[in-house]
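Trainee: can you look at this prediction? I've put the sequence above it.
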Amino acid sequence: MAEPGKKTDKAKTAGKQVRGFVNTLSEEQRMLVVLKAQLYDGMWEPMLDDLRNRLEGKPYIFKLASRIENDIERIEEMAEFESEHNIDLADYVDSP
């Protein structure tokens, strides 16, 4: 067990992976992370539901990007990364 206040090698590696991933995010991805935090209580599913509803012509809450299918792919990629690393990307991406 690691001493209190000291990061384990696993935590250091995860931190490097998170920073590396965040550094590769496009402006579109960063905006989606910010929108998730500000408009959807930090959850991807309601945002995905909005986008899918918009594609299907159903009522939706927010008008986001015009490239909905691309946004859905971006969200799914980022949600998977968050899940794998047990983080919230909004903690790493600054609001504009």
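Mentor: Perfect, I can see it now.

Trainee: so which residues of this structure form helices?
Mentor: Remark: helices assigned in the chain by DSSP state H are 9-24, 27-39, 44-55, 68-85.

Trainee: for residue 93, find the nearest of these.
Mentor: Ranking those by proximity to residue 93 (CB to CB) places helix 27-39 first, at 4.5 Å. The way it works is simple: take the backbone N, C-alpha and C, and place the C-beta from them, glycine included.

Trainee: quick one: list the elements packing against that closest one.
Mentor: helix 44-55, helix 68-85 (3 or more CB pairs under 8 Å, 6 or more residues apart in numbering; DSSP states H and E).

Trainee: for it, buried residues please.
Mentor: When burial is assessed from 16 or more other CB atoms under 10 Å, helix 27-39 yields the following buried residues: 29-37.

Trainee: out of the residues you listed, who's nearest residue 85?
Mentor: Using CB to CB, the buried residues of helix 27-39 come closest to residue 85 at residue 33, 13.8 Å.

Trainee: circling back: for residue 92, state which of the buried residues of helix 27-39 is nearest.
Mentor: Looking across those and measuring by CB to CB, the closest to residue 92 is residue 33, at 8.2 Å.

Trainee: where's the spatially closest residue to residue 26 that is not a sequence neighbour relative to residue 37, distance?
Mentor: In this structure, residue 26 finds its nearest non-sequential neighbour in residue 74, 7.8 Å apart by CB to CB, 6 or more residues apart in numbering. Separation of residue 74 from residue 37 (CB to CB, to the nearest Å) stands at 15 Å.

Trainee: and the helices and strands packed on helix 27-39 as JSON lines, adding mean neighbour count and mean pLDDT?
Mentor: Conversion of these to JSON lines gives the following (neighbours: other CB atoms under 10 Å; pLDDT from 0 to 100):
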{"stretch": "helix 44-55", "mean neighbour count": "16", "mean pLDDT": "88"}
{"stretch": "helix 68-85", "mean neighbour count": "15", "mean pLDDT": "89"}
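
Trainee: possible to save those helices as TSV with distance to residue 91?
Mentor: Formatted as TSV, the helices and strands packed on helix 27-39 follow (distance: least, CB to CB, whole Å):
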stretch	distance to residue 91
helix 44-55	15
helix 68-85	10
